[in-house]
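Q: just the structure for this:
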Amino acid sequence: MAGLLEKDLRLLLSRKQSIVMFLLLAVVLGFTQAGTFILGYLPFLGVILTISTISYDEVDNGYTFLMTLPIDRKTYVKEKFLFCISGAVSSWILAVVLYFLSGSLHGDKLVMINEIPMVLTFLAIVILLMAIMIPFQIKFGAEKSRIVMLIIFGIITVVSFVFVKIIGQETMNEIIEKMEHINETYIMMCGIFLVLLSTVVSYMISCKVMENKEL
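A: Predicted coordinates:
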């Protein structure tokens with residue numbers, strides 16, 4: 001496991017020029033863009049960069065070589081989840097720091113305790129996206145997984161649009177209004193449960209996909 005983590009870290013460091021450029025861009029955007037943009041941009045970038053290591057493993061029979069080492073397929077999947085979650089959390093922490101610094105520079109009166117639910121929501125969404133992306137990345141590879149993801153999100157968008165049309169905008173507004181009165185702590189607990197459940201299910205699916213994958 002430690003060897004796989006070191007391998008992936010070295011893979012990322014081999015692209016340090018690109019990473020430094022992205023980080024500089026994130027800092028610039030963080031200080032020039034008011035609002036929560038940086039909270040979504042930087043963690044999502046962290047997930048994309050860490051998940052991209054799966055693509056590197058596919059090149060030049062990389063999977064075949066890795067499986068000759070004293071690791072099994074389940075360990076490989078476990079390491080990918082640990083590495084990607086670490087990347088998401090690390091980039092999220094940096095994004096939160098930039099968000100508060102930017103708010104101070106723009107004269108926004110941000111109270112940390114009041115911002116916690118909102119900043120945690122961004123982390124939850126990014127980890128949820130990561131949980132969706134990893135099984136597709138392992139199954140289809142970089143190029144095909146992007147197409148599959150676009151199709152899935154396209155279907156979700158169409159279904160959401162049709163759903164709103166069927167129930168009507170008035171009913172939808174009533175639902176949203178009722179949701180606004182739900183206790184924030186309850187929403188946070190439900191969100192945490194959903195993210196944990198999605199991650200566990202994604203891990204199990206990824207293990208199954210990896211077990212059936214032809215190397």
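
Q: in the protein, what residue spans correspond to helices?
A: For the chain, the helices defined by DSSP state H cover 2-13, 16-32, 37-58, 62-66, 73-105, 112-167, 169-180, 184-212.

Q: out of these, name the one with the poorest average pLDDT.
A: When mean pLDDT is averaged over each of the helices of the chain, helix 169-180 scores lowest at a mean of 69.

Q: next, find the distance separating the residue of the chain most remote from its centre from Leu45.
A: No residue in the chain sits farther from the centre than Glu170, which is 32.9 Å out by CA atoms, centre = their mean. Using CB to CB, to the nearest Å, we find Glu170 at a distance of 39 Å from Leu45. The way it works is simple: take the backbone N, C-alpha and C, and place the C-beta from them, glycine included.

Q: could you do Lys78 as well?
A: According to CB to CB, Lys78 stands 23 Å off from Leu45.

Q: the more surrounded of the two?
A: Higher neighbour count among Lys78 and Leu45: Leu45, with 20 against 17, using other CB atoms under 10 Å.

Q: now that one, nearest residue through space, not along the chain?
A: Closest residue in space to Leu45, ignoring its immediate chain neighbours: Phe22 at 5.8 Å, by CB to CB, 6 or more residues apart in numbering.

Q: same question for Trp92.
A: Setting aside the residues directly before and after it, Trp92 is nearest to Pro43 in space (CB to CB, 6+ apart), at 4.2 Å.

Q: let me see the contact set for that neighbour.
A: Neighbour list for Pro43: 88, 91-92, 95, 122-123, 126 [criterion: CB atoms under 8 Å, 6 or more residues apart in numbering].
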